[in-house]
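*Asks:* Coordinates for the following, if possible.
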Amino acid sequence: FMESFDQPTPDKPTPARATTTIAPQALILLNSQFMMRNATALAERIAREVGDDEGKQIDRAFRLALSRRPNSQERQILLQFLARQRVELRSVSKDEKEASRLARIAFCRMLLNLNEFVHAD
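*Replies:* Okay, here's the model as predicted:
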């Protein structure tokens, strides 16, 4: 995982870190177990901290991941995303609570894959 993102090796000095942007990085971020565990942990945390209100969940996730609030357009898009995910996931899991949990994980996974999260300015 770290090798794909130019992690310097600790056995030799590295005065400047190389910057590489390659397609496998996006696939690693999207598909790695590490990112899935972290998305799940973030989803559980926001549900625990703010409850079932999806607007508050979006706000809290943005604060934790991006250190800012979502703008009104981002909030609207994400509320629609969560609604669509719940509908799709209900066809797989008939349990409404489980569908909401899985939709929240998908939202957090997407948030952790944003360039704004991955590349700090």
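*Asks:* Quick check, Glu96 in contact with Val87.
*Replies:* No - look at Glu96 against Val87 with CB atoms under 8 Å: they stay out of range, at 10.8 Å. All C-beta atoms are positioned from the backbone trio N, CA, C, and that covers glycine.
*Asks:* helices and strands around the helix or strand Gln85 falls within, which ones?
*Replies:* With secondary structure defined by DSSP states H and E, Gln85 is part of helix 72-92. Under the contact definition 3 or more CB pairs under 8 Å, 6 or more residues apart in numbering; DSSP states H and E, helix 72-92 sits against helix 54-66, helix 96-111.
*Asks:* if I look at the residue lying closest to Arg101 once chain neighbours are set aside, how far off is Leu89?
*Replies:* With CB to CB, 6 or more residues apart in numbering as the measure, Ala43 is the residue that lies nearest to Arg101, at 7.0 Å, once sequence neighbours are left out. Distance, Ala43 to Leu89, by CB to CB, to the nearest Å: 13 Å.
*Asks:* Please identify which of those two sits among more neighbours.
*Replies:* For the pair Ala43 and Leu89, the greater number of neighbours falls to Ala43 (23 against 20), based on other CB atoms under 10 Å.
*Asks:* Quick check, pLDDT for the more buried one.
*Replies:* At Ala43, the predicted lDDT confidence score is 98.
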